[in-house]
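S.K.: Please work out how this folds:
(one chain, ligands or ions: 1)
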Amino acid sequence: MSIADLMHKPAVVVREDITLADASRVLDANKVGAAAVLDGHQRLVGMVSERDLLRSVGIGIDPGSASVGEVMTRDPIALDTTDPVASALEIFRDHRFRHLPVLDGGRVAGILSIRHVVRVAHIEDVQPAGSAPIGLAPRGLEGVAVAETAVGDVRGEEGFFHYRGHNAVELARRCSFEQVWHLLVEGSLPNDAELAAFTKRAVAARGLPAGVDDLLRALALLPDYAPLVALRSAVSFTGAALGLQATLDLSAEQVRAECLRLAALTPVLLMRLHRHNQGLSPVDPEPDLGYAASYLQMLTGERPTARAARALEQYLILTMDHGFNSSTFTARVITSTGSDIGSALTGAIGALAGPLHGGAPSRALAMLDAIGSPDRAAEHLREEIGAGQRLMGFGHRVYKTDDPRSTLLRDVATDLGGEQVAFARHVEQTALQTLAELKPGRRLYTNVEFYAGVVMNSVGIPRDMFAPTFACSRTVGWTAAIAEQAANNRLIRPSALYVGPPPPQSLPDGYGAAARTDR
Ligand code: ACO
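M.R.: Below is the predicted model of the structure:
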């Protein structure tokens with residue numbers, strides 16, 4: 001595969017004296033993210049991207065009068081059609097460009113986008129001088145399969161995801177949390193007898209190990225208490241209190257038993273932390289309540305309505321697993337070292353905590369607060385995008401069409417009703433229109449986080465508990481991945497392409513002499 005095969009050709013070109021507004025129209029009409037800027041002799045003088053145009057508008061430049069020449073990247077690095085794809089990858093990586101002009105005999109022949117390269121990067125070999133060849137995966141490992149799994153998968157282009165072959169949205173519409181939990185961890189949908197036995201084991205597993213509650217109270221009273229960080233630490237010391245062994249030394253059955261124990265305990269830890277933090281006595285889960293209903297009962301001390309419990313249950317089922325996401329990968333990497341399940345879950349929660357992964361649901365609601373009222377939506381969202389901000393609850397690495405989780409959660413939120421839901425629906429519509437207009441071609445849709453916040457708010461979960469609630473349901477998916485990794489393990493240990501100063505670098509004369517004499 002050569003650069004000439006991958007690039008967009010012919011190149012979309014503009015002159016540097018046209019206005020930003022005209023350049024934007026050219027990019028839109030051709031559905032591309034960047035154009036080459038040519039002088040009167042058809043020579044390349046710059047590159048201009050949608051990002052340049054948006055950034056300029058964001059800092060107050062008038063697109064109707066400013067010219068492309070004022071904002072473009074002048075004298076850009078250019079590729080030749082004969083260059084290897086690997087050198088394009090290196091330039092994208094080192095200079096953080098997203099588009100590069102490609103020359104053929106000195107004339108602009110096409111434009112190569114990082115997206116073109118990412119699609120094929122994993123099959124290209126990069127061989128730095130003097131070292132063994134290694135396959136350089138694209139940044140972010142986008143499009144690279146790093147393991148085999150039978151737990152589930154996401155088909156981003158189709159807007160579909162499944163758990164062990166079953167449509168996850170259908171499972172959330174029709175099944176209980178425990179049925180889907182059994183499916184993911186034990187491998188099949190349970191019959192009545194299996195479900196009863198599994199539920200009994202899950203309820204028994206909620207018992208707190210000795211000594212843990214004192215630690216939870218101390219953690220909850222820290223001055224900078226943050227629930228997700230506290231939950232991460234609580235899972236870590238609960239693993240220690242349970243004396244969890246290295247998975248390398250456990251049978252597959254023992255691994256699954258420890259997975260069930262920790263997944264059942266996680267919401268108990270979270271709710272006890274919350275109540276200690278609020279100065280309230282902890283509430284034990286009632287044994288006749290399922291996972292979702294007991295979640296709300298431990299939170300408030302009261303049995304929830306069936307409607308609220310079911311709405312939460314549907315959210316929890318929808319977020320149990322989602323392909324080979326960052327936190328699942330983290331859990332599998334830790335398990336691959338043979339480490340214990342407590343370590344794998346602690347690491348997974350750490351990965352989930354990032355705003356680009358699971359830490360966003362309260363930010364989506366914060367965006368609704370910042371907008372305040374329906375009439376402010378269009379202006380606010382336009383300003384945010386113009387300033388280079390991302391709209392929380394929109395966009396996804398894998399889904400390039402409707403996120404099926406957001407579609408069901410929109411229905412769940414609508415059934416719950418209320419003013420906030422109507423407002424959220426208005427903001428969603430406005431955001432989608434604004435993104436389509438200002439970020440054409442990026443295929444940005446509502447993601448799970450947008451309505452997740454609305455649903456959780458409606459059933460009474462405090463805002464700082466949104467991300468930890470996500471962590472509780474995702475623990476089921478993590479434990480399914482941990483069990484799968486442990487059952488067929490190979491240490492995950494990739495390589496990196498070294499790009500620093502060529503070794504060996506000599507130390508400056510006399511350097512370190514003081515350390516030698518002072519000892
Ligand atoms: N708002 C505005 N523009 C966006 C958004 C957004 N929410 N998301 C992506 N874009 C734009 C980017 O600015 C970029 O534009 P450019 O080509 O002009 O530079 C283009 O779309 C592609 O963006 P990438 O960063 O390449 O997309 P990536 O796949 O890495 O990002 C992510 C996915 C991180 C989820 C991103 O869409 C985002 O930041 N969204 C907001 C945060 C959020 O909602 N997170 C929860 C995700 S759901 C989950 O993990 C459970």
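
S.K.: Need the mean per-residue confidence for stretch 298-308.
M.R.: If you average the pLDDT over stretch 298-308, you get 98.

S.K.: so how far is the first residue of it from its last?
M.R.: This stretch, stretch 298-308, spans 14 Å end to end (CA to CA, to the nearest Å).

S.K.: Could I get the buried residue list for it?
M.R.: 298-299, 304, 308 (16 or more other CB atoms under 10 Å). Heads up, the C-betas are built off the backbone N, CA and C, glycines and all.

S.K.: contact partners of that stretch?
M.R.: 267-268, 271-272, 274-275, 280, 282-286, 289, 293, 296-297, 312, 415-416, 458-461, 465 (CB atoms under 8 Å, 6 or more residues apart in numbering).

S.K.: filter those to the buried ones?
M.R.: Buried members of the contacts of stretch 298-308, counted by 16+ other CB under 10 Å: 267-268, 271-272, 274-275, 282-283, 285, 289, 293, 296-297, 312, 416, 458-459, 461, 465.

S.K.: from those, which ones fall inside helices?
M.R.: Secondary structure from DSSP state H places 267-268, 271-272, 274-275, 293, 296-297, 312, 416, 458 of the buried ones among the contacts of stretch 298-308 in helices.

S.K.: from the residues you listed, which is closest to F329?
M.R.: Using CB to CB, P267 comes nearest to F329 of those, at 23.6 Å.

S.K.: thinking again about what came up before, could the ones in helices among the buried ones among the contacts of stretch 298-308 go into a markdown table alongside distance to I385?
M.R.: Formatted as a markdown table, those follow (distance: CB to CB, whole Å):
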| residue | distance to I385 |
| --- | --- |
| P267 | 37 |
| V268 | 42 |
| M271 | 38 |
| R272 | 41 |
| H274 | 35 |
| R275 | 40 |
| A293 | 40 |
| L296 | 36 |
| Q297 | 42 |
| L312 | 32 |
| L416 | 29 |
| S458 | 28 |
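
S.K.: ok, of these, which one's closest to the ligand?
M.R.: L312 (17.1 Å; CB to the nearest ligand atom).

S.K.: Quickly note the distance from the closest one to L491.
M.R.: 38 Å (CB to CB, to the nearest Å).

S.K.: What of G187?
M.R.: For G187, the distance to L491 - CB to CB - is 24 Å.

S.K.: Neighbour count: those two, which is higher?
M.R.: Looking at G187 and L491 with other CB atoms under 10 Å, you find the greater number of neighbours at G187, namely 14 against 8.

S.K.: wait, isn't the more buried one in contact with H166?
M.R.: No - if you go by CB atoms under 8 Å, G187 and H166 don't touch, sitting 11.8 Å apart.

S.K.: Does the nearest residue in space to V203 that is not next to it in sequence fall in a helix, a strand, or a coil region?
M.R.: Closest residue in space to V203, ignoring its immediate chain neighbours: P287 at 5.1 Å, by CB to CB, 6 or more residues apart in numbering. Under the three-state scheme (DSSP: H, G, I helix; E, B strand; the rest coil), P287 adopts coil.

S.K.: need the contact list for the residue in the stretch 51-200 of the chain that the ligand sits nearest to.
M.R.: Residue of the stretch 51-200 of the chain nearest the ligand, by CB to the nearest ligand atom: R51 (4.4 Å). By CB under 8 Å, 6+ apart, the residues touching R51 are 33, 98.

S.K.: Correct me if wrong, but it is in a strand.
M.R.: No - judged by three-state DSSP, R51 forms no part of a strand; its state is helix.

S.K.: Does A23 touch M47 like I think?
M.R.: No - in this structure, A23 is not within contact of M47 by CB under 8 Å, at 11.3 Å.

S.K.: any residues in contact with both of those two?
M.R.: Joint contacts of A23 and M47 (CB under 8 Å, 6+ apart) are A35.

S.K.: Quick check: residues of the stretch 251-400 of the chain near the ligand?
M.R.: Counting by CB under 6 Å from any ligand atom, the stretch 251-400 of the chain comes close to the ligand at 356-358, 360, 385, 390-397.

S.K.: can you check the chain too?
M.R.: Within reach of the ligand by CB under 6 Å from any ligand atom, the chain has these residues: 33, 50-51, 356-358, 360, 385, 390-397, 439, 442, 444, 447-449.

S.K.: Pull out the buried members of the residues you listed.
M.R.: 33, 50, 357-358, 360, 385, 390-396, 439, 444, 447-449.

S.K.: Look up how far G140 lies from the residue nearest the centre of the chain.
M.R.: In the chain, the residue lying closest to the centroid (CA atoms, centre = their mean) is H357, at 2.9 Å. The gap separating H357 from G140 is 12 Å, by CB to CB.

S.K.: returning to that earlier point: and the buried residues of stretch 298-308, which two are furthest apart?
M.R.: Most distant of those, by CB to CB, are M298 and A308, 13.7 Å apart.

S.K.: Which residue does the stretch 351-500 of the chain have closest to the ligand?
M.R.: Closest to the ligand within the stretch 351-500 of the chain is G395: 2.2 Å, counting by CB to the nearest ligand atom.

S.K.: mind listing what the residue nearest to that residue when sequence neighbours are not counted touches?
M.R.: Excluding its sequence neighbours, the residue lying closest to G395 (CB to CB, 6+ apart) is L444, at 4.6 Å. L444 makes contact with 391, 394-395, 432, 435-436 under the criterion CB under 8 Å, 6+ apart.

S.K.: so what's the closest residue to V268 other than its chain neighbours up against?
M.R.: Nearest residue to V268 in three dimensions, chain neighbours excluded: R206, at 5.3 Å (CB to CB, 6+ apart). Neighbour list for R206: 264-265, 268, 285, 294 [criterion: CB under 8 Å, 6+ apart].

S.K.: mind checking the SS state of R206?
M.R.: Once three-state DSSP is applied, R206 turns out coil.

S.K.: mind checking pLDDT for it?
M.R.: Confidence at R206, expressed as pLDDT, is 98.

S.K.: My guess is V459 contacts Q297. True?
M.R.: No - contact criterion CB under 8 Å: V459 and Q297 do not qualify, at 12.0 Å.

S.K.: ok so, going back, surely the residue of the stretch 351-500 of the chain closest to the ligand is in contact with N447?
M.R.: Yes - in this structure G395 lies within contact range of N447 using CB under 8 Å: 6.4 Å.

S.K.: Phi first, then psi, for L112.
M.R.: Backbone geometry at L112, expressed as degrees, to the nearest 10, gives phi -100, psi 130.

S.K.: Could you pull up the residues touching it?
M.R.: L112 makes contact with 3, 6-8, 79, 88, 99-100, 102, according to CB under 8 Å, 6+ apart.

S.K.: Now tabulate those in JSON lines and tack on neighbour count.
M.R.: Shown next, in JSON lines, are those (neighbours: other CB atoms under 10 Å):
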{"residue": "I3", "neighbour count": "23"}
{"residue": "L6", "neighbour count": "19"}
{"residue": "M7", "neighbour count": "24"}
{"residue": "H8", "neighbour count": "19"}
{"residue": "L79", "neighbour count": "22"}
{"residue": "A88", "neighbour count": "24"}
{"residue": "H99", "neighbour count": "26"}
{"residue": "L100", "neighbour count": "25"}
{"residue": "V102", "neighbour count": "24"}
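
S.K.: Name the helix or strand of the protein that has the lowest mean pLDDT.
M.R.: Ranked by mean pLDDT, DSSP states H and E, the weakest helix or strand in the chain is strand 125-126, scoring a mean of 46.

S.K.: Where does pLDDT dip in the stretch 301-450 of the chain?
M.R.: 359-361 (pLDDT under 70).
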